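Q: Can you look at this prediction? I've put the sequence above it.
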Amino acid sequence: MVTDRELEIMKVLWARGRASVREVQEDLNRTAGPVAYSTVQTLLNIMEDKKGLVRHVVEGRTFVYIPKKTSERTIGELTRRFVDRVFDGALDRVMVALLGSKSPTPEELDRLRAMIDEAQRQSSSSAEADEPAAAESATTSEES
């Protein structure tokens, strides 16, 4: 799992693409409140050695850190884990909780409807693509 502070560091790296410990510290001090250089350095070491979230290159005497995964991929993985752990994978329960925590604007509701419609279209088209293969498999089994 990624801690809140590690996620803040990842956001800095995603925004910059790559950054030294000092650059990460400066950005965090501006956006998330004061943090010591040594704390950022320790967290980046843990994020590289134990969690595999970042890698580094050496430029002169400076370690420059680079995220190993895109923000989309990392957020997707974190979201899946969260939904599985907290909601036992039930998307409807997630939506009820989200909608109960904050009233969506009409624009947000329109975007949600469009995303649900698109997911339904994709689900239907993938089910249709699977049907011929299932029918062919059943036919092959009956002929044997």
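A: It's in. Here the structure is a predicted model, which is why all the values come from computation and not from measurement.
Q: Read off the pLDDT value for the residue nearest the centre of the chain.
A: In the chain, the residue lying closest to the centroid (C-alpha atoms, centre = their mean) is residue 75, at 0.9 Å. You'll see residue 75 listed with a pLDDT of 91.
Q: I'd assumed it was in a helix, is it?
A: Yes - checked against DSSP: H, G, I helix; E, B strand; the rest coil, residue 75 lies within a helix.
Q: now it: how far from residue 1?
A: Counting by C-beta to C-beta, to the nearest Å, the gap from residue 75 to residue 1 is 13 Å. The way it works is simple: take the backbone N, C-alpha and C, and place the C-beta from them, glycine included.
Q: and if you look at residue 10?
A: 13 Å.
Q: need the strands for the protein, in chain order.
A: Assigned strands in the chain, in chain order: 19-20, 54-59, 62-67 (criterion: DSSP state E).
Q: Averaged pLDDT, the first one. What do you get?
A: This means strand 19-20. Strand 19-20 comes out at a mean pLDDT of 98.
Q: Note down every partner strand of it and its orientation.
A: strand 62-67 (antiparallel) (DSSP bridges).
Q: Only alpha carbons, please: show the partner strand as PDB.
A: Only the C-alpha atoms of strand 62-67 are listed here, as PDB (Å, rounded to 0.1, in the frame of the first residue of the first chain):
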ATOM      1  CA  THR A  62      22.500  14.000  -7.300                       C
ATOM      2  CA  PHE A  63      20.000  11.100  -7.300                       C
ATOM      3  CA  VAL A  64      17.100  11.900  -9.600                       C
ATOM      4  CA  TYR A  65      14.000   9.900  -9.000                       C
ATOM      5  CA  ILE A  66      11.600   8.700 -11.800                       C
ATOM      6  CA  PRO A  67       8.200   7.100 -11.300                       C
END
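Q: Now do the buried residues in that strand.
A: 64, 65, 67 (16 or more other C-beta atoms under 10 Å).
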